[in-house]
Structures are given as structure tokens and as C-alpha cells.
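Asks: curious how this folds, go ahead:
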Amino acid sequence: MRDAGLEQAIKAAGGVASLARAIGIAQPSVSAWSRIPAERVLAVEALTRVHRFVLRPDLYGLPGEQVSSKSEVDEIDQLRAAEYGLLSLLLGKAPDADTLSRVAALKGDASDLGMAHIELASAAAAADDRAVSKEFFDLFIGLGRGDLLPYASYYLTGFLHERPLARVREDLDGLGIERAGSSREPEDHIAILLEVMAGLARGDFEADFSEQARFFERHLRPWATRMFADLEMSRSANFYRAVGRVGRVFMELESEAFTLSE
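Replies: Residues are numbered from 1 along each chain as shown. Have a look, this model is predicted:
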């Protein structure tokens with residue numbers, strides 16, 4: 001029996017045969033899967049744009065969920081990676097009903113981030129995926145443009161495709177990170193930057209902690225907290241107001257942590 005992540009990937013790819021053909025393996029192999037093998041998750045994500053958190057939640061869980069780990073990645077970095085990944089997932093595209101149900105299961109504590117998680121879980125539990133999809137469109141796409149333009153170039157210069165984008169591309173090239181999938185978003189989109197930070201924290205790339213700090217300082221610290229605060233205050237935001245709060249609090253924590261580590 002196929003799990004939910006595999007079923008969603010097959011649907012997004014246009015069927016078992018299309019999925020198998022796209023990732024270069026035989027159709028009977030895909031037909032035999034009950035879930036997506038770990039070594040195929042990133043390829044399937046790039047092809048289908050179904051996020052790895054949905055494809056294999058046991059490997060890439062939301063914050064506080066059980067995740068498998070590499071021995072060299074400690075628990076704090078696993079949780080940081082999951083937090084970055086959650087925000088990337090919610091800002092990269094509108095969440096579907098399954099994603100909302102998983103976000104609704106988030107737990108929290110009395111800390112600022114824990115309380116923000118509780119608020120986000122409550123918002124997800126009350127949300128309708130169609131309403132959230134419309135909200136996402138109004139906020140980030142719009143007719144002409146959305147209420148917010150979540151790009152480093154825009155927040156730092158007032159224009160798109162400016163020097164901040166070039167700096168992101170330079171650093172991605174230096175880290176050996178190549179673009180995958182069919183998305184046409186510039187690489188200074190907040191969701192892409194957050195996904196890179198998730199990979200750095202998780203140890204996906206050959207980079208030490210200083211590279212994490214450098215990437216954060218160059219590409220997120222100068223503007224991301226302000227963007228999340230704008231999202232919190234947007235008149236078009238309902239579910240995404242809670243996303244904005246989580247992002248703002250987490251960016252503040254990361255800024256403080258990287259400062260203390262210097």
C-alpha cells in the first residue's frame with residue numbers, strides 16, 4: 001500500500017509511468033514502492049515540486065517531530081533545519097490540506113517560538129486549503145504583484161534582480177549548490193534561501209558552521225526579519241500572519257545565536 005507522500009508524487013508527476021520515466025528507472029520499480037526510497041526523495045521533489053517534508057516526513061519532519069539524523073548533526077541543528085524547512089515549505093507554495101493537517105499537529109511551549117508554533121498550529125487547524133491558496137496568491141503573486149515581494153533584492157534595493165541576487169548566486173556556486181526543479185523564482189526568494197539554510201544546518205552540503213553563519217549574515221539577516229514582520233502585519237494575511245510570527249521570532253533567535261558564536 002502506498003503512503004500519502006508517494007501517492008501525491010505520482011499524482012503530481014502524472015502517473016506511475018511518468019514518474020518512473022522522469023527519474024530514469026523502470027516503471028515496475030516505482031510500482032513496487034510503498035514509499036519513496038530515501039535516495040530518491042530529492043530527485044522526486046525536484047521533479048514534482050512536492051516538498052520532501054511531505055514525501056518522507058519520517059526523514060524530514062516538522063519541528064518537534066522525530067527525524068532520522070546523521071551522527072555528526074546534533075539535535076539542535078536538526079531542529080534548526082526543520083524550522084528552516086517548515087518556513088521554506090509554507091513560503092514556497094500554498095500548502096495543501098495534508099500539509100495543513102501536519103502543521104496543525106505542531107506542539108509548543110512557553111518560549112516565544114513555542115507560543116508562535118501554538119498559534120501557527122491553531123491557524124492551520126482552522127484553515128481551509130482553498131482559502132489559504134487564495135491568501136497565498138494575494139500575498140505573494142497577485143494580479144500584477146502581490147502585497148509582499150519576498151526577495152532579498154527588493155527589500156534591500158527596492159528593485160528585483162539586483163546585486164543581492166548576484167551575491168546569492170555567487171555563494172550558491174561556491175557551495176556547489178545547483179538549481180533543481182522547474183521553479184523560475186530568482187534564487188533570492190525567501191523560500192529558496194531558507195531551504196539552503198536548512199540544508200546547511202542538516203549537513204547536506206560540505207560546509208562548516210562558519211559557512212552557515214556567513215550565508216545567514218549575507219542573505220537573510222539584513223532583511224528577513226523585516227519581511228516576516230511585514231507578513232505579520234499584512235491586511236491580506238490570515239493563516240500567514242501566524243507564519244510571519246514564527247519566521248520573525250526564529251530569525252531573531254538565529255541572529256542572536258550567530259552573534260554569540262562569533
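
Asks: specify the local secondary structure of the closest residue to residue 176 other than its chain neighbours.
Replies: The shortest distance from residue 176 to any non-neighbouring residue, by Cβ to Cβ, 6 or more residues apart in numbering, is to residue 205 (6.8 Å). Using the backbone N, CA and C atoms, a C-beta is placed for each residue, glycine as well. Three-state call for residue 205 (DSSP: H, G, I helix; E, B strand; the rest coil): coil.

Asks: can you pull the contacts of residue 205?
Replies: Contacts for residue 205 (Cβ atoms under 8 Å, 6 or more residues apart in numbering) come out as 175, 176, 177, 199, 211.

Asks: measure it to residue 199 for me?
Replies: Plainly put, residue 205 is 6 Å away from residue 199 if you go by Cβ to Cβ, to the nearest Å.

Asks: now do the shared contacts for those two.
Replies: With Cβ under 8 Å, 6+ apart, residue 205 and residue 199 have common neighbours residue 177.

Asks: so where's the stretch 51-200 of the chain uncertain?
Replies: 61-73, 180-183 (pLDDT under 70).

Asks: now do the helices in it.
Replies: 52-55, 75-92, 97-103, 112-126, 129-140, 152-157, 163-175, 190-202 (DSSP state H, counting those that start in this stretch).

Asks: any chance of those helices in JSON lines with mean neighbour count and distance to residue 233 as columns?
Replies: Shown next, in JSON lines, are the helices of the stretch 51-200 of the chain (neighbours: other Cβ atoms under 10 Å; distance: least, Cβ to Cβ, whole Å):
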{"stretch": "helix 52-55", "mean neighbour count": "22", "distance to residue 233": "27"}
{"stretch": "helix 75-92", "mean neighbour count": "22", "distance to residue 233": "16"}
{"stretch": "helix 97-103", "mean neighbour count": "19", "distance to residue 233": "21"}
{"stretch": "helix 112-126", "mean neighbour count": "18", "distance to residue 233": "15"}
{"stretch": "helix 129-140", "mean neighbour count": "17", "distance to residue 233": "12"}
{"stretch": "helix 152-157", "mean neighbour count": "20", "distance to residue 233": "15"}
{"stretch": "helix 163-175", "mean neighbour count": "16", "distance to residue 233": "23"}
{"stretch": "helix 190-202", "mean neighbour count": "23", "distance to residue 233": "16"}
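
Asks: now render those helices as CSV, adding distance to residue 44.
Replies: Below are the helices of the stretch 51-200 of the chain laid out as CSV (distance: least, Cβ to Cβ, whole Å):
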stretch, distance to residue 44
helix 52-55, 6
helix 75-92, 15
helix 97-103, 16
helix 112-126, 24
helix 129-140, 22
helix 152-157, 28
helix 163-175, 22
helix 190-202, 16
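
Asks: go through these and name the closest to residue 45.
Replies: For residue 45, the closest of those is helix 52-55, at 5.0 Å, according to Cβ to Cβ.

Asks: summarise which helices and strands that closest one is packed against.
Replies: helix 4-13, helix 41-48, helix 75-92, helix 97-103 (3 or more Cβ pairs under 8 Å, 6 or more residues apart in numbering; DSSP states H and E).

Asks: now with 7 Å, please.
Replies: helix 4-13, helix 41-48 (3 or more Cβ pairs under 7 Å, 6 or more residues apart in numbering; DSSP states H and E).

Asks: the ones you listed: lowest mean pLDDT?
Replies: When these are compared by mean pLDDT, helix 41-48 comes last with a mean of 78.

Asks: hmm, who's touching that helix?
Replies: By Cβ atoms under 7 Å, 6 or more residues apart in numbering, the residues outside helix 41-48 that reach it are 9, 12-13, 22-23, 36, 51-52, 55-56, 59, 180-181.

Asks: make it 8 Å
Replies: In contact with helix 41-48 (Cβ under 8 Å, 6+ apart) are residues 8-9, 12-13, 19, 22-23, 36, 50-52, 55-56, 59-60, 180-181.

Asks: buried subset of those as a ChimeraX selection?
Replies: To isolate the buried ones among the contacts of helix 41-48 in ChimeraX, judged by 16 or more other Cβ atoms under 10 Å, type:
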select :8,9,13,19,23,36,50,51,52,55,56,60
